[in-house]
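**Student:** structure, please.
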Amino acid sequence: MANVQTLNQIVKNLTEIASKHRQINDFKFGDPWEFTASGIAVTPVMWVQPQPFEAGRNTYTYKFRIWLLDSVKRGEDNETEVLSDMALVAADILAQ
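**Tutor:** Numbers count the residues shown, from 1 in each chain. The predicted model follows:
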């Protein structure tokens, strides 16, 4: 039973992971369309989108899509750098 977690506990853990990461400046939870309605974000942002969960006989399996969003300069001069950085941040998150 040590692995039993509610959705609230999972979101709290993800929030903590984001807040402790040196490259993540903001954390949001919800549907991606809410990003534009959420106000100005200080990038990079970790956005967690809930996916349909699965209910088993005695289990719930929560699924999420994690979006890592950062600013790309006009002309996309830093696009490769942003992609590389966000891939490393993703690896850090998965390690947690």
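**Student:** in the host helix or strand of Asn8, which residues are buried?
**Tutor:** Under the criterion of DSSP states H and E, Asn8 resides in helix 7-20. By neighbour count on 16 or more other C-beta atoms under 10 Å, the buried set for helix 7-20 is 11, 14, 17-18. The C-beta positions use only the backbone N, C-alpha and C, and glycine is treated the same way.
**Student:** same question, stretch 61-77
**Tutor:** Buried residues in stretch 61-77, defined by neighbour count with 16+ other C-beta under 10 Å: 68-70.
**Student:** out of the residues you listed, which is nearest to Gly30?
**Tutor:** Leu69 (13.4 Å; C-beta to C-beta).
**Student:** would you mind measuring from that closest one to Asn25?
**Tutor:** For Leu69, the distance to Asn25 equals 10 Å [C-beta to C-beta, to the nearest Å].
**Student:** which residues do these two both contact?
**Tutor:** Common contacts of Leu69 and Asn25 (C-beta atoms under 8 Å, 6 or more residues apart in numbering): 41, 43-45.
**Student:** turn these into a markdown table, columns for secondary structure.
**Tutor:** Below are those laid out as a markdown table (DSSP: H, G, I helix; E, B strand; the rest coil):
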| residue | secondary structure |
| --- | --- |
| Ala41 | coil |
| Thr43 | coil |
| Pro44 | coil |
| Val45 | strand |
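**Student:** ok, how many other residues are close to Ala95?
**Tutor:** A count of nearby residues for Ala95, using other C-beta atoms under 10 Å, gives 7.
**Student:** now do the SS call for the residue of the chain most remote from its centre.
**Tutor:** Most distant residue from the mean C-alpha position of the chain: Arg57, 28.5 Å away (C-alpha atoms, centre = their mean). What three-state DSSP gives for Arg57 is coil.
**Student:** tell me which residues touch it, please.
**Tutor:** Counting by C-beta under 8 Å, 6+ apart, Arg57 has no contacts.
**Student:** surely Pro50 forms part of a strand?
**Tutor:** Yes: under three-state DSSP, Pro50 falls within a strand.
**Student:** contacting residues for the closest residue in space to it that isn't next to it in sequence?
**Tutor:** With C-beta to C-beta, 6 or more residues apart in numbering as the criterion, Pro50 has its nearest non-adjacent residue at 5.9 Å, and that residue is Phe64. Contact partners of Phe64, counting by C-beta under 8 Å, 6+ apart, are 10, 14, 48-51.
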